[in-house]
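**Student:** Return atomic coordinates for the entry below.
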Amino acid sequence: MSSSPRSRTSQTAIFALAVGAAIIGLSLVLVYFGINVLDEGADFISGLYPPIAVTTEGAQIRELYTVIFLIAVAIFIVVEGLIIWTVIRYRRKPGDDTLPPQTHGNNIAEMVWTVVPTIIVIFMFVISWQTLNVVDTASANPQTRIRALAGQFQWQFDYLSPDGTKVLYTELLPLVSLGGGMTVPAGRTVHLSLVSNDVIHAFYVPQFLFKRDVVPGHPNQFDFTVNESDAGQTFRGQCAELCGSGHSIMLFEVRALTGAEFDAWLADKVAKANATPAPPPSGGVGTTVKLSALGVKYEQTSISAPAGAPFRIEFENKDPSTPHNVAIHEGSPTGKAVFTGEVFPGVATKTYDVAALAAGPYAFVCTVHPTMTGTLTVQ
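**Tutor:** Prediction:
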């Protein structure tokens with residue numbers, strides 16, 4: 001027995017009231033917990049987009065993403081709208097005990113769902129090809145040449161001469177917060193070469209909207225230009241290819257300077273790199289402590305030194321092409337640094353002269369690889 005139109009209307013009204021009450025209740029709960037629905041909605045929408053690009057090439061990629069995203073949204077709305085309309089329009093009603101007339105084949109519909117997707121795919125192919133050509137275009141005479149050497153598990157940045165044949169300065173510290181990182185001039189074309197001597201890595205800076213693999217035996221390269229308006233900013237980067245147990249610590253930072261600031265910075269670094277090192281202090285250093293590193297860890301996890309007297313650390317880096325050093329911190333690896341030794345790649349040995357320390361517990365840490373730690377007891 002079918003229900004009357006009045007009863008169906010009442011049921012619809014009750015359902016609508018229940019839905020309205022649920023929405024109002026949910027809104028009150030969100031307000032009670034201090035959740036701004038509009039802000040959360042805006043964050044959700046912005047989360048569907050990549051970060052704001054800080055390079056001219058990244059801006060091209062973001063424009064391509066926007067076009068593809070809008071096409072996808074339009075298709076989603078059309079498809080979901082047709083599904084909802086079909087469900088409502090052709091829903092089974094009381095008294096419908098037989099199947100409606102069945103349609104087999106429709107030439108117009110088949111042409112539409114064949115031709116329209118084909119046109120969309122061709123359009124996306126063309127604009128993607130154009131963007132790829134722009135992003136992959138390499139300048140014949142870039143204003144700055146840098147080589148990024150990726151290794152387990154750190155980055156090294158070599159600043160090259162204009163013809164790319166000579167290394168002017170090498171930065172072994174990957175993070176700006178440690179006094180290193182990759183420094184680039186904003187508003188100038190930077191030609192970046194990517195080299196790996198061990199396994200596959202990947203160079204990825206989210207705000208560049210760009211990732212490129214670093215394959216051993218096959219040097220890779222690309223050009224980029226940081227916007228002049230973004231000079232003075234620092235951008236986070238990382239290896240985006242699982243490269244081993246230390247993959248999570250393979251981070252780096254990119255610092256953008258104005259052209260004049262970059263020129264002054266590079267000239268200062270080159271001058272310091274070419275300067276004759278000061279001779280070690282003569283006399284007064286009686287104790288020599290031996291320390292070595294292999295496999296991205298210190299082979300000795302506990303060493304000792306005399307209190308109130310200068311001493312030396314003879315540090316052997318046994319990791320080929322991997323930079324390490326020894327830094328001494330008060331109390332723990334995150335305590336105040338009281339000594340920082342020069343970073344250098346292996347295989348090599350350096351002797352650090354450490355000034356007298358007060359008695360107490362200290363930690364020694366590799367500045368490049370913070371997971372490398374040990375205990376120094378001064379007594």
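
**Student:** Next, the contact list for the residue lying closest to P219 once chain neighbours are set aside, please.
**Tutor:** Distances taken as Cβ to Cβ, 6 or more residues apart in numbering place V195 nearest to P219, at 5.2 Å, with adjacent residues excluded. In this view, the C-beta of every residue, glycine as well, is placed from N, C-alpha and C. Contacts of V195 were listed using Cβ atoms under 8 Å, 6 or more residues apart in numbering, and they are 147-150, 214, 219.

**Student:** again with T114
**Tutor:** Here T114 is in contact with no residue (Cβ under 8 Å, 6+ apart).

**Student:** tell me what the longest helix seen in the chain is packed against?
**Tutor:** In the chain, taking DSSP state H as the definition, the longest helix is helix 56-89. Packing partners of helix 56-89 (3 or more Cβ pairs under 8 Å, 6 or more residues apart in numbering; DSSP states H and E): helix 107-136, strand 210-214, strand 220-224.

**Student:** Which neighbouring elements make contact with whatever helix or strand comes next after the first one?
**Tutor:** The first helix or strand that comes after helix 107-136 along the chain, using DSSP states H and E, is strand 144-151. Contact analysis of strand 144-151 by 3+ Cβ pairs under 8 Å, 6+ apart lists strand 154-160, strand 182-185, strand 190-196, strand 201-205 as its packing neighbours.

**Student:** could you dump these to CSV with mean pLDDT and distance to T170?
**Tutor:** CSV is the format used below for the helices and strands packed on strand 144-151 (pLDDT from 0 to 100; distance: least, Cβ to Cβ, whole Å):
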stretch, mean pLDDT, distance to T170
strand 154-160, 91, 5
strand 182-185, 95, 12
strand 190-196, 93, 13
strand 201-205, 95, 17
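
**Student:** For L172, grab the count of nearby residues.
**Tutor:** Using other Cβ atoms under 10 Å, the number of residues around L172 comes to 21.

**Student:** What separation do you get for it and F344?
**Tutor:** 7 Å (Cβ to Cβ, to the nearest Å).

**Student:** hey, what's in contact with both of the two?
**Tutor:** Counting by Cβ under 8 Å, 6+ apart, the contacts common to L172 and F344 are P323.

**Student:** Double-check that A264 belongs to a helix.
**Tutor:** Yes - A264: assigned to a helix according to DSSP: H, G, I helix; E, B strand; the rest coil.

**Student:** follow-up on the earlier one: reformat the helices and strands packed on helix 56-89 as TSV; add mean pLDDT and distance to T86.
**Tutor:** Shown next, in TSV, are the helices and strands packed on helix 56-89 (pLDDT from 0 to 100; distance: least, Cβ to Cβ, whole Å):
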stretch	mean pLDDT	distance to T86
helix 107-136	92	13
strand 210-214	91	41
strand 220-224	92	48
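
**Student:** Tell me which of those sits nearest to L294.
**Tutor:** Closest approach to L294 among these (Cβ to Cβ): strand 210-214, 23.8 Å.

**Student:** Direction included, what does that closest one pair against?
**Tutor:** strand 201-205 (antiparallel) (DSSP bridges).

**Student:** I'd like to check the angle between the strand it pairs with and strand 154-160, please.
**Tutor:** Angle, strand 201-205 to strand 154-160, by axes from the mean of the first three to the mean of the last three Cα atoms, to 10 degrees: 70 degrees.

**Student:** Enumerate residues external to strand 201-205 that contact any of its residues.
**Tutor:** Counting by Cβ under 8 Å, 6+ apart, 148, 150, 192, 194, 210-214, 235-241, 243, 250, 254 sit against strand 201-205.

**Student:** partners of the residue nearest to P219 in the sheet?
**Tutor:** Residues in beta-bridge contact with V195 (DSSP bridges): L149.

**Student:** wait, what's in contact with the closest residue to D158 other than its chain neighbours?
**Tutor:** Counting by Cβ to Cβ, 6+ apart, R147 is the residue found nearest to D158 once chain neighbours are left out, at 4.2 Å. Taking Cβ under 8 Å, 6+ apart as the criterion, R147 is in contact with 157-158, 160, 167, 192-195.

**Student:** centre of the chain versus the longest helix of the chain, how much separation?
**Tutor:** Once both centres are worked out by Cα atoms, centre = their mean, to the nearest Å, helix 56-89 turns out to sit 27 Å from its chain's centre.

**Student:** Quick check: closest non-adjacent residue to E171.
**Tutor:** In this structure, E171 finds its nearest non-sequential neighbour in F157, 4.4 Å apart by Cβ to Cβ, 6+ apart.

**Student:** Please apply the same query to R236.
**Tutor:** Nearest to R236 is E253, by Cβ to Cβ, 6+ apart, at 6.0 Å.

**Student:** contacting residues around the one you found?
**Tutor:** Here E253 is in contact with 174-177, 181-182, 234-237 (Cβ under 8 Å, 6+ apart).

**Student:** Reformat those as TSV; add distance to W85 and secondary structure.
**Tutor:** Shown next, in TSV, are these (distance: Cβ to Cβ, whole Å; DSSP: H, G, I helix; E, B strand; the rest coil):
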residue	distance to W85	secondary structure
P174	55	coil
L175	55	coil
V176	55	helix
S177	56	helix
G181	55	coil
M182	54	strand
T234	51	strand
F235	46	strand
R236	46	strand
G237	47	strand
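
**Student:** Could you check how far V73 is from T183?
**Tutor:** With Cβ to Cβ as the criterion, V73 and T183 are 40 Å apart.

**Student:** Settle it for me: which of the two has more neighbours?
**Tutor:** The neighbour comparison of V73 against T183 (other Cβ under 10 Å) goes to T183, with 23 against 11.

**Student:** Next, the contact list for the more buried one, please.
**Tutor:** T183 touches 171, 254-257, 262, 265-266, counting by Cβ under 8 Å, 6+ apart.
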